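**Q** Any chance you can model this:
(chains A and B)
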2 protein chains.
Amino acid sequence: MITSFHPPKRTLMGPGPSDVSPRVLEAMSRPTIGHLDPAFVTMMDEVKVLLKQAFKTENALTMPVSAPGSAGMEACFVNLVEPGDKVIVCQNGVFGGRMKENVERFGGEAVMVQDAWGAPVSVEKVKAAFAEHPDAKILAFVHAETSTGVRSDAQALCKVAQDHGALTIVDTVTSLGGSELRVDEWGIDAVYSGTQKCLSCPPGISPVSFSEKALAKVQARETRAPSWFLDKKLVMGYWGGEGKRAYHHTAPVNSLYALHESLVILQEEGVEKAWERHALHHQALKAGLEAMGINFLVDEAYRLPQLNTVLIPEGVDDAQVRSALLNNFNLEIGAGLGDLAGKVWRIGLMGAACNRTNVVLCVSALESTLARMGADIPVGKALQAVEAVYAS
Amino acid sequence: MITSFHPPKRTLMGPGPSDVSPRVLEAMSRPTIGHLDPAFVTMMDEVKVLLKQAFKTENALTMPVSAPGSAGMEACFVNLVEPGDKVIVCQNGVFGGRMKENVERFGGEAVMVQDAWGAPVSVEKVKAAFAEHPDAKILAFVHAETSTGVRSDAQALCKVAQDHGALTIVDTVTSLGGSELRVDEWGIDAVYSGTQKCLSCPPGISPVSFSEKALAKVQARETRAPSWFLDKKLVMGYWGGEGKRAYHHTAPVNSLYALHESLVILQEEGVEKAWERHALHHQALKAGLEAMGINFLVDEAYRLPQLNTVLIPEGVDDAQVRSALLNNFNLEIGAGLGDLAGKVWRIGLMGAACNRTNVVLCVSALESTLARMGADIPVGKALQAVEAVYAS
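**A** Numbering: from 1, shown residues only, chains lettered A, B, ... in the order given. This next block holds a predicted model:
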């Protein structure tokens, strides 16, 4: 017989999911109601309003896709890429590769712009790609690369696309709520995110937003999108209008309670204040890590405060350290992906997990674990460095 | 400012979501852990074991899709239908129509077998369709039509497909956990369901299972499936093996806690016992409704105990009654869909909502509401009829 599952209480400082606020967990356990219940429809409208604030957009089609971030990505590509469309796809980590997969599976042609893992997307290379492919209809890139901790200049990249009359699809899974993101001001046409990063919700929902221009391309499609579940023409009847909803699928009621609560928390703090908080704790974490000789993969100018990718010190066993942190401290930090596996750690400071207690725990747990394993690092300076940042 | 959302406490006797057990709601609010956490991986393995028991299958690829039932449907069609494949699709309600949409969007050719809304799928018509289209590769039908409350003979239909060397895709969204379903014994090749019906979980997850024959077709595909999120070749690396997982997407951690708990509850009761419970309370509800002159849409032989579709009495206003039930009794029953809108109510007795308290509430609330509105129905006999069933 299998019995009830009681998870350990972890501190989640990996690439996501991040720590979920007790308020959000409690909201998730409220009684389930019907997805066509008038009370639920009112809540859906509020989620849309709150998501617009978080994305900084007025887009009418701003809504949560009823599935994880990968489905939000797919919702953007399956609706906007038509067979034969040329799409410039920027890859500087894992998730650009997924964008390529998406383009090709939906019959598009992906023109790849490659940058090193750990570097931002090169605006110059994108300009060159458009010069070579003036018929490209879409530019797709990752704003905040979860595999490397790199921020690319979304505003500049969108400008290039606009200059060439192309739409933009932008992955903001890790940036939403954690660092500057201005969908309308930057001119992003289709954006997707996830709930389990800086919104500090359990994973499972993907907020998306489509501009008027993006919607016009969806409406003008000559072929039906090769997805019924993610077809925006259908989903709009469910989420799009005011009041009466056309039944499309059954919304994940309790997961949306959680998203609603996490967005209420973000509204209470203020989106800009949340960005500032992430920046502050990043500085403290950075000071502590550097005091024990641990360095960042990414140039300072392009670092994401919410995802700190650091080089594993010489001679230290990656898996052994992460296991020790998990078993001794209930602390999760992230491993490297792809070529970076075994070479880096990804330390998240996302949403509710981005606080002083977690910074202190992470720095001191890492210091004592590395010292215990005999790593050649300076000891006894890290906490002082952290405190100095908070005192300043 | 938007504030926290506190849903009303409803009794959910519509077509789903159904009432969620407090045990499941509590499980959902347990602390989120990483989706690659060893503790979570153990839980994933347990969910697979429990789902196999619920589906009565030994299929290795039995897993929850990280999205609602519509995505589970799409996971079956997008992986199994290749461009040019001929698929016999049976339609006797809303959901057969969705199957057609799925087939066509993925490049297949749908051969439709139509039956009246309220009738089961005709085995004879399916035989005739195979005689006319011996090259059909797949037979797709709905086992338990949520729009009408009809059960079709899945075993007989699968036998026809097997006789013609075709695979079967079967929608068991409303049947899983509520009435007899034997995936292996009946020879179903691809099956999908939902969590929000007779498993009494919040909506958002879709259990699926693929037979070896279905998997062989997926593996032998000449084209990539037009979905990255739902590609079983990729998902198998995440859910398929034992132990180490290849990262595909971030699983909806807390929603899976809920599914795990609901499956533990089903295991405690026993799957067959759950079917018997649904049959018993259906008899009691039926007795109560018939005592006030309310009749069923569906012939007795094909009725689903978990979804009772009844004809709205002459001269009674559908919306007015449902609003009164919701506002006075916090009781939700379902409206008709499509051609049946305004003509029927769909009264669910699903999972945790399938109990004596709910039957009594529904019958007495409906009786007093109809009487108050001046409907011409016999009064004072319904509760007695319900009690008689439980006494027998």
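
**Q** Which pLDDT value goes with the closest residue to residue A:181 other than its chain neighbours?
**A** Nearest residue to residue A:181, sequence neighbours excluded (Cβ to Cβ, 6 or more residues apart in numbering or on different chains): residue A:175, at 5.0 Å. Any C-beta I mention is one placed from the backbone N, CA and C, and that applies to glycine too. Residue A:175 is assigned 98 on the pLDDT scale.

**Q** so who does residue A:175 touch?
**A** A:143, A:144, A:151, A:181, A:193, A:198, A:304, A:306 (Cβ atoms under 8 Å, 6 or more residues apart in numbering or on different chains).

**Q** which sections of the stretch 151-300 of chain A are below the confidence cut-off?
**A** Low-confidence segments of the stretch 151-300 of chain A (pLDDT under 70): A:240-245.

**Q** Quick check: residues of it near chain B?
**A** Taking Cβ under 8 Å from any Cβ of the partner chain as the criterion, the stretch 151-300 of chain A approaches chain B at residues A:194, A:196, A:202-204, A:224-229, A:247-255, A:257-258, A:260-261, A:263-264, A:267-268.

**Q** Of these, grab the buried ones for PyMOL.
**A** To isolate the buried subset of these in PyMOL, counting by 16 or more other Cβ atoms under 10 Å in any protein chain shown, use the following:
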select buried, chain A and resi 194+196+202+203+204+225+226+227+228+229+248+249+250+251+252+253+254+255+257+258+260+261+263+264+267
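
**Q** which ones among the residues of the stretch 151-300 of chain A next to chain B are found in helices?
**A** Among those, the residues falling in helices (DSSP state H) are A:253, A:254, A:255, A:257, A:258, A:260, A:261, A:263, A:264, A:267, A:268.

**Q** List just the nearest of these to chain B.
**A** residue A:254 (3.9 Å; Cβ to the nearest Cβ).

**Q** got a list of what the closest one touches?
**A** So, once contact is read as Cβ under 8 Å, 6+ apart, residue A:254 ends up touching A:28, A:29, A:30, A:32, B:20, B:25, B:28, B:202, B:204, B:255, B:258.

**Q** any idea how far the closest residue to residue A:254 other than its chain neighbours lies from residue B:8?
**A** Spatially, and ignoring its direct neighbours in sequence, residue A:254 is nearest to residue B:202 (3.9 Å; Cβ to Cβ, 6+ apart). For residue B:202, the distance to residue B:8 equals 16 Å [Cβ to Cβ, to the nearest Å].

**Q** In chain A, mark out all the helices, start to finish.
**A** For chain A, the helices defined by DSSP H cover A:22-28, A:38-55, A:69-80, A:94-105, A:123-132, A:154-163, A:183-186, A:212-219, A:232-235, A:253-269, A:271-291, A:318-329, A:356-372, A:382-391.

**Q** And the contacts of the longest one?
**A** With Cβ under 8 Å, 6+ apart as the test, helix A:271-291 has contacts from A:53-54, A:56, A:177-180, A:198, A:266, A:269, A:295-296, A:303, A:305-306, A:308, A:310, A:347, A:349-350, A:354-356, A:358-359, A:362-363, A:366, A:378, A:381-386, A:388-390.

**Q** Next, the angle helix A:253-269 makes with that helix.
**A** Angle, helix A:271-291 to helix A:253-269, by axes from the mean of the first three to the mean of the last three Cα atoms, to 10 degrees: 90 degrees.

**Q** The third one now?
**A** Here the directions of helix A:69-80 and helix A:253-269 differ by 90 degrees (the same axes, to 10 degrees).

**Q** Likewise for the fourth one?
**A** Relative orientation of helix A:94-105 and helix A:253-269, computed by the same axes, to 10 degrees: 130 degrees.

**Q** how many neighbours does residue A:300 have?
**A** Using other Cβ atoms under 10 Å in any protein chain shown, the number of residues around residue A:300 comes to 7.

**Q** Look up how far chain B lies from it.
**A** Counting by Cβ to the nearest Cβ, to the nearest Å, the separation of residue A:300 from chain B is 28 Å.

**Q** Residue A:270 too?
**A** From residue A:270 over to chain B the distance is 11 Å, taken as Cβ to the nearest Cβ.

**Q** Same question for residue A:232.
**A** Counting by Cβ to the nearest Cβ, the separation of residue A:232 from chain B is 14 Å.

**Q** Contact partners for the nearest residue to that residue once chain neighbours are set aside?
**A** Distances taken as Cβ to Cβ, 6+ apart place residue A:79 nearest to residue A:232, at 4.7 Å, with adjacent residues excluded. The contact partners of residue A:79, by Cβ under 8 Å, 6+ apart, come to A:190, A:210, A:218, A:221, A:225, A:230, A:231, A:232.

**Q** Chain B: which of those residues is nearest?
**A** Once Cβ to the nearest Cβ is applied, the member of those that ends up nearest chain B is residue A:225, at 7.2 Å.

**Q** In contact with the closest one, which residues?
**A** A:78, A:79, A:106, A:218, A:231, A:232, A:233, B:105.

**Q** Spatially nearest residue to residue A:171 (excluding sequence neighbours)?
**A** Residue A:171 sits nearest to residue A:142 (Cβ to Cβ, 6+ apart), 4.1 Å away.

**Q** That neighbour and residue A:19, how far apart?
**A** Separation of residue A:142 from residue A:19 (Cβ to Cβ): 24 Å.

**Q** if you count what's nearby, which of these two comes out ahead?
**A** Between residue A:142 and residue A:19, residue A:142 has the larger neighbour count (other Cβ under 10 Å), namely 32 against 23.

**Q** pretty sure that one is touching residue A:151, no?
**A** No: contact status for residue A:142 versus residue A:151: not in contact, 9.6 Å apart, counting by Cβ atoms under 8 Å.

**Q** ok, how many other residues are close to residue A:281?
**A** 23.

**Q** With residue A:273 instead?
**A** Around residue A:273 there are 11 residues (other Cβ under 10 Å).

**Q** just residue A:191 next, same as before
**A** Residue A:191: 30 neighbours (other Cβ under 10 Å).

**Q** Against chain B, how distant is it?
**A** Applying Cβ to the nearest Cβ to residue A:191 and chain B gives a distance of 17 Å.

**Q** residue contacts, that residue?
**A** Neighbour list for residue A:191: A:55, A:57, A:76, A:169, A:170, A:172, A:183, A:208, A:209 [criterion: Cβ under 8 Å, 6+ apart].

**Q** For the last one, give the beta-bridge partners.
**A** Think residue A:209. Counting by DSSP bridges, residue A:209 forms beta bridges with residue A:62, residue A:191.

**Q** I'd assumed residue A:61 was in contact with it.
**A** Yes: in this structure, residue A:209 is within contact of residue A:61 by Cβ under 8 Å, at 6.7 Å.

**Q** quick one: which of the two has more around it?
**A** Neighbour count, other Cβ under 10 Å: between residue A:209 and residue A:61, residue A:209 has more, with 29 against 20.

**Q** who's in contact with that one?
**A** Contacts of residue A:209 by Cβ under 8 Å, 6+ apart are A:51, A:52, A:55, A:57, A:59, A:61, A:62, A:63, A:183, A:188, A:190, A:191.

**Q** Need the pLDDT of the first one.
**A** You'll see residue A:51 listed with a pLDDT of 98.

**Q** Burial check on it, number of neighbours?
**A** Counted with other Cβ under 10 Å, residues neighbouring residue A:51 total 24.

**Q** quick one: it from chain B, how far?
**A** Per Cβ to the nearest Cβ, residue A:51 is found 11 Å from chain B.

**Q** contacting residues for that residue?
**A** A:62, A:63, A:64, A:207, A:209, A:263.

**Q** Surely residue A:55 and residue A:63 touch.
**A** No: between residue A:55 and residue A:63 there is no contact under Cβ under 8 Å: 10.9 Å.

**Q** tell me, what's touching these two both at once?
**A** Shared between the contact lists of residue A:55 and residue A:63 (criterion: Cβ under 8 Å, 6+ apart) are residues A:207, A:209.

**Q** Tell me, how many residues neighbour the nearest residue to residue A:67 once chain neighbours are set aside?
**A** Nearest non-adjacent residue to residue A:67, counting by Cβ to Cβ, 6+ apart: residue B:67, 3.6 Å away. Per other Cβ under 10 Å, the neighbour tally for residue B:67 reads 31.
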